[in-house]
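Asker: Predicted coordinates and the sequence they were generated for:
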Amino acid sequence: MKIHFLLDDLLVEAPAGTPLQRIADAAGADITFGCRTGSCGTCRVRVAAGLANCSEPGPEERDFLMGLDAPADQRLACQVTVQGDVDIEYLGL
Ligand code: FES
């Protein structure tokens with residue numbers, strides 16, 4: 001599968017089922033990770049394409065994003081596992 005980090009214009013390949021944070025770290029994508037447990041929000045991204053290829057948010061991620069009134073295409077990169085092609089735009093907090 002292909003992961004496109006839009007702000008870096010970085011296109012990388014990874015096996016389906018890989019955590020997005022692992023892909024971002026390996027690629028050197030410009031996404032800031034803080035807690036890596038879904039509680040700080042520094043890794044917030046917009047899934048510009050391929051939202052259906054992302055794992056469903058767990059309760060902690062869902063609660064955090066609801067607290068920000070974030071639209072459904074926004075996710076916490078440290079909580080997402082990717083199953084297919086996605087375009088990722090880094091937002092931060
Ligand atoms: S790194 Fe803190 S929520 Fe993702």
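Answerer: Done, it's in.
Asker: Report the contact partners of the residue lying farthest from the centre of the chain.
Answerer: Note on the chain: the largest C-alpha distance from the chain mean falls to Gly67, namely 17.6 Å (C-alpha atoms, centre = their mean). If a contact means C-beta atoms under 8 Å, 6 or more residues apart in numbering, then Gly67 has no contacts. Bear in mind the C-beta positions are built from the backbone N, C-alpha and C, glycine included.
Asker: do Leu6 as well
Answerer: Applying C-beta under 8 Å, 6+ apart, the residues contacting Leu6 are 48, 87-90.
Asker: ok, so of these, who is nearest Cys35?
Answerer: Tyr90 (16.3 Å; C-beta to C-beta).
Asker: Kindly tell me how buried the closest one is, as a neighbour count.
Answerer: 19 (other C-beta atoms under 10 Å).
Asker: now swap in Ile23 and tell me
Answerer: 24.
Asker: what does Leu93 give?
Answerer: 10.
Asker: Would you quantify the distance from the residue nearest to the spatial centre of the chain to Leu93?
Answerer: Centroid-nearest residue in the chain: Ala77, 2.9 Å away (criterion: C-alpha atoms, centre = their mean). As judged by C-beta to C-beta, to the nearest Å, Ala77 and Leu93 stand 12 Å apart.
Asker: between the two, what contacts are shared?
Answerer: Common neighbours of Ala77 and Leu93 (C-beta under 8 Å, 6+ apart) are Arg44.
Asker: roughly how far apart are Leu93 and Val86?
Answerer: Computed as C-beta to C-beta, the Leu93 to Val86 distance reads 21 Å.
Asker: returning to that earlier point: weed out the non-buried ones from the contacts of Leu6.
Answerer: 87-88, 90 (16 or more other C-beta atoms under 10 Å).
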